[in-house]
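Visitor: here are the coordinates; sequence isn't available:
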């Protein structure tokens, strides 16, 4: 038979380990959540910057006076094809 002192020490170590595990898990989860939030914010900022750049390019591209809408009476297919060829 194991003495009661050894059992007390054993269960004390077990309970201490369980509580330490809970505490450690919470700290790791908190750090993970902060990193996840930081990445989400950074990704949103990158997408916004990319959208602004695309919008700026689109606005600059519309200065060529090339009508891309085939329903528009000013539509000219030759000008549109020439613009596509010059872009690539």
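Guide: That came through, no problem. Here the structure is a predicted model, which means the values were calculated and not measured.

Visitor: three-state assignment of residue 68?
Guide: coil (DSSP: H, G, I helix; E, B strand; the rest coil).

Visitor: report the secondary structure state of residue 20.
Guide: Quick answer, by three-state DSSP: residue 20 is helix.

Visitor: which residues touch it?
Guide: For residue 20, no residue meets the contact criterion (Cβ atoms under 8 Å, 6 or more residues apart in numbering). Where you see a C-beta, it was placed from the backbone N, CA and C, and this is true even at glycine.

Visitor: neighbours around residue 68, how many?
Guide: Residue 68 is flanked by 12 other residues according to other Cβ atoms under 10 Å.

Visitor: distance of it relative to residue 53?
Guide: Going from residue 68 to residue 53 by Cβ to Cβ, to the nearest Å gives 20 Å.

Visitor: in the protein, what helix or strand scores lowest on average pLDDT?
Guide: helix 77-87 (a mean of 86; mean pLDDT, DSSP states H and E).

Visitor: so how far is it off the chain centroid?
Guide: 36 Å (Cα atoms, centre = their mean, to the nearest Å).

Visitor: buried stuff in that helix?
Guide: Across helix 77-87, burial judged by 16 or more other Cβ atoms under 10 Å covers no residue at all.

Visitor: that helix packs against which elements?
Guide: The helices and strands touching helix 77-87, judged by 3 or more Cβ pairs under 8 Å, 6 or more residues apart in numbering; DSSP states H and E, number zero.

Visitor: for residue 83, which non-adjacent residue is closest in space?
Guide: residue 66 (4.8 Å; Cβ to Cβ, 6 or more residues apart in numbering).

Visitor: next, that neighbour: phi, psi?
Guide: phi -100, psi 120 (degrees, to the nearest 10).

Visitor: same thing with residue 13?
Guide: Torsion angles, degrees, to the nearest 10, at residue 13: phi -60, psi -40.

Visitor: I appreciate the help and will end here.
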